[in-house]
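J.: Sequence first, predicted model second:
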Amino acid sequence: MPRNPRNQMYPANEDLPAAGRGSLVARLWRIRTELLLTAGLALFTLTLLSATQHGRWMPFIVLTSAISVPAATRAGRNWVTAHVWCVVSRHRMQRTCLETTMHTRSGRIPLVLWITPTRTGEKALILTRAGISAAEFEAYAEELAAACWARSANVYKHRTWAHLVVVEIVRRDEVPGAVSPGLDRLYGRAWISMRPDVEEPPDLLTLPELSRKLVLPQVG
């Protein structure tokens with residue numbers, strides 16, 4: 001039976017251990033996007049102040065163009081929107097680990113190593129902690145999808161490295177021309193789905209030969 005709130009790793013008479021803050025390196029990695037945005041905003045502010053004080057506007061114009069030109073194109077806006085959803089999904093998945101049993105007794109949660117946009121949403125590469133496996137993520141797939149405001153969540157484990165898990169957040173139909181995932185290029189296709197698709201019986205009405213055989217003779 002997969003682990004879930006009805007069959008969790010902690011006894012029923014034991015309080016769920018509080019999530020810890022983790023190491024400094026792990027905390028910095030979790031907020032890496034925010035740190036980069038803060039550094040970029042500080043650079044923009046310093047450039048603006050320097051241009052105002054010394055009358056050199058060329059660096060300010062170049063920096064402003066580098067930001068405004070991509071934002072004026074549809075591809076640029078789609079790129080920004082896709083990566084904003086990556087940041088949102090990363091934080092929501094981390095929050096799900098905090099609110100469920102997907103953290104260790106010492107309070108350490110799995111680490112999201114990387115997350116990239118896909119044609120249907122986002123795909124995250126996760127490093128699990130001791131005591132947590134891909135089966136745990138599959139048991140909480142519905143909670144992950146709800147936390148990320150998505151349709152569903154698919155979980156995959158690596159064929160060789162069981163501590164690596166891929167969580168695919170599906171929030172829309174496949175968009176033609178959307179950004180393709182980068183995890184397949186990094187790690188190949190060595191992933192096993194935790195929820196293998198069940199083959200449905202063929203639709204007989206779509207098969208011409210069988211359809212003709214099933215035509216009933218007219219009465220009278």
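T.: Sure thing, it's come through. Numbers count the residues shown, from 1 in each chain.
J.: could you pull out the strands for the protein?
T.: 111-117, 121-127, 152-158, 164-170, 191-193 (DSSP state E).
J.: Turn the ones you listed into a markdown table, including distance to Glu143.
T.: Where you see a C-beta, it was placed from the backbone N, CA and C, and this is true even at glycine. Formatted as a markdown table, these follow (distance: least, C-beta to C-beta, whole Å):
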| stretch | distance to Glu143 |
| --- | --- |
| strand 111-117 | 16 |
| strand 121-127 | 15 |
| strand 152-158 | 8 |
| strand 164-170 | 12 |
| strand 191-193 | 19 |
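J.: could you pull out the helices for this structure?
T.: Taking DSSP state H, the helices of the chain run over residues 24-30, 32-54, 58-72, 74-99, 134-139, 141-147, 183-187, 208-213.
J.: just those helices: most buried one?
T.: Mean neighbour counts were compared across these using mean count of other C-beta atoms under 10 Å; the top stretch is helix 134-139, at a mean of 22.
J.: mind exporting that helix as PDB, just the C-alpha atoms?
T.: What follows is helix 134-139, C-alpha atoms only, in PDB (Å, rounded to 0.1, in the frame of the first residue of the first chain):
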ATOM      1  CA  ALA A 134       9.300   8.200  -5.400                       C
ATOM      2  CA  ALA A 135       6.400   6.200  -4.000                       C
ATOM      3  CA  GLU A 136       5.900   8.900  -1.400                       C
ATOM      4  CA  PHE A 137       5.500  11.500  -4.100                       C
ATOM      5  CA  GLU A 138       3.100   9.300  -6.000                       C
ATOM      6  CA  ALA A 139       1.000   8.900  -2.900                       C
END
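J.: Tell me the bridge partners for the spatially closest residue to Leu111 that is not a sequence neighbour.
T.: Counting by C-beta to C-beta, 6 or more residues apart in numbering, Leu127 is the residue found nearest to Leu111 once chain neighbours are left out, at 4.5 Å. Taking DSSP bridges as the rule, Leu127 bridges to Leu111, Leu164.
J.: you'd agree Leu127 is up against Trp161?
T.: No - contact criterion C-beta atoms under 8 Å: Leu127 and Trp161 do not qualify, at 9.5 Å.
J.: more crowded one of those two?
T.: Legend: neighbour count by other C-beta atoms under 10 Å for Leu127 and Trp161, higher for Leu127 (15 against 11).
J.: who's in contact with the more buried one?
T.: Applying C-beta atoms under 8 Å, 6 or more residues apart in numbering to Leu127 gives the contacts Pro110, Leu111, Leu113, His163, Leu164.
J.: Check Ser23 and give its pLDDT.
T.: Note for Ser23: predicted pLDDT of 71.
J.: Can you report how many residues neighbour it?
T.: By other C-beta under 10 Å, the residues close to Ser23 number 11.
J.: Tell me the spacing between it and His91.
T.: In this view, Ser23 and His91 are 18 Å apart by C-beta to C-beta, to the nearest Å.
J.: can you check Asn154 too?
T.: Asn154 is 20 Å from His91, by C-beta to C-beta.
J.: Next: Gly40.
T.: For Gly40, the distance to His91 - C-beta to C-beta - is 19 Å.
J.: shouldn't His103 be in contact with Ile109?
T.: Yes - counting by C-beta under 8 Å, His103 does reach Ile109; the two are 4.5 Å apart.
J.: where does this structure have low pLDDT?
T.: 1-22, 26, 52, 55, 59-60, 63, 66, 175-189, 196-220 (pLDDT under 70).
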